[in-house]
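J.: Model the following, please.
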Amino acid sequence: MNKSLVNSSLYLTAIALITLWSYNAQADERIHARGTYGNYSSFGVTDDLPVVVYTASWCDACTELMAFLQQQKVAFKAVDIGKDPAAARLLKAKHLRSLPVIIIKNTLLQGFSKSTVTRKLRELKPGKL
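T.: Take a look at the predicted model:
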């Protein structure tokens with residue numbers, strides 16, 4: 001095989017891998033930070049309890065999120081979709097296919113990013129976290 005062709009292929013492969021790594025490094029914040037704003041009262045959010053988390057027993061990120069919220073002394077309602085078929089149907093109807101689903105007042109987040117959740121909680125209660 002032509003040596004310059006091999007070198008070009010290796011170079012392009014390296015560029016692709018670096019691009020992929022960069023994309024993945026930023027993906028956490030991009031995916032989790034794209035909070036959807038709206039009225040989420042149908043998800044169980046109230047003025048008295050503005051944080052609701054949809055979870056499942058098999059979801060490691062859900063367990064990590066709930067431990068984080070407890071550590072931060074954040075009052076929240078946890079809804080296990082494995083035990084609540086209506087909650088599972090609600091998420092499916094809203095095309096929410098990944099867990100955890102976190103609603104913080106008027107913001108919906110999917111997945112768990114500690115920095116994003118902390119930022120949204122600070123917006124909810126400035127100076128508390």
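J.: drop to CA atoms for contacts and neighbour counts, all remaining ones
T.: Will do.
J.: The spatially closest residue to Tyr37 that is not a sequence neighbour: neighbouring residues, count only.
T.: Distances taken as Cα to Cα, 6 or more residues apart in numbering put Thr107 closest to Tyr37, at 4.6 Å, once the chain neighbours are dropped. For Thr107, the count of nearby residues is 17 (other Cα atoms under 10 Å).
J.: wait, isn't Thr107 in contact with Val45?
T.: No: with contact defined as Cα atoms under 8 Å, Thr107 does not count as touching Val45 (10.3 Å).
J.: Report the residue ranges of every domain in this protein.
T.: 1-32, 36-124 (automatic domain parsing).
J.: Low-confidence bits of this structure, can you list those?
T.: 1-36, 126-129 (pLDDT under 70).
J.: all strands for it, in order.
T.: All strands of the chain, identified by DSSP state E, fall at 36-37, 51-55, 77-80, 101-104, 107-110.
J.: okay if I get these as a markdown table plus distance to Ala67?
T.: Conversion of those to a markdown table gives the following (distance: least, Cα to Cα, whole Å):
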| stretch | distance to Ala67 |
| --- | --- |
| strand 36-37 | 24 |
| strand 51-55 | 12 |
| strand 77-80 | 12 |
| strand 101-104 | 14 |
| strand 107-110 | 17 |
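J.: Highest mean neighbour count out of the domains of the chain?
T.: domain 36-124 (a mean of 16; mean count of other Cα atoms under 10 Å).
J.: returning to what we had before: now the residue nearest to Tyr37, which residues is it bridged with?
T.: Applying DSSP bridges to Thr107 gives these bridge partners: Tyr37, Ile104.
J.: Could you check how far it is from Ser98?
T.: 16 Å (Cα to Cα, to the nearest Å).
J.: cool, and Ser41?
T.: In terms of Cα to Cα, Ser41 sits 20 Å off from Ser98.
J.: do Gln70 as well
T.: In terms of Cα to Cα, Gln70 sits 22 Å off from Ser98.
J.: and if you look at Leu69?
T.: 19 Å.
J.: related to what we said a few turns ago, of all the strands of the chain, which one is nearest Leu124?
T.: strand 101-104 (7.6 Å; Cα to Cα).
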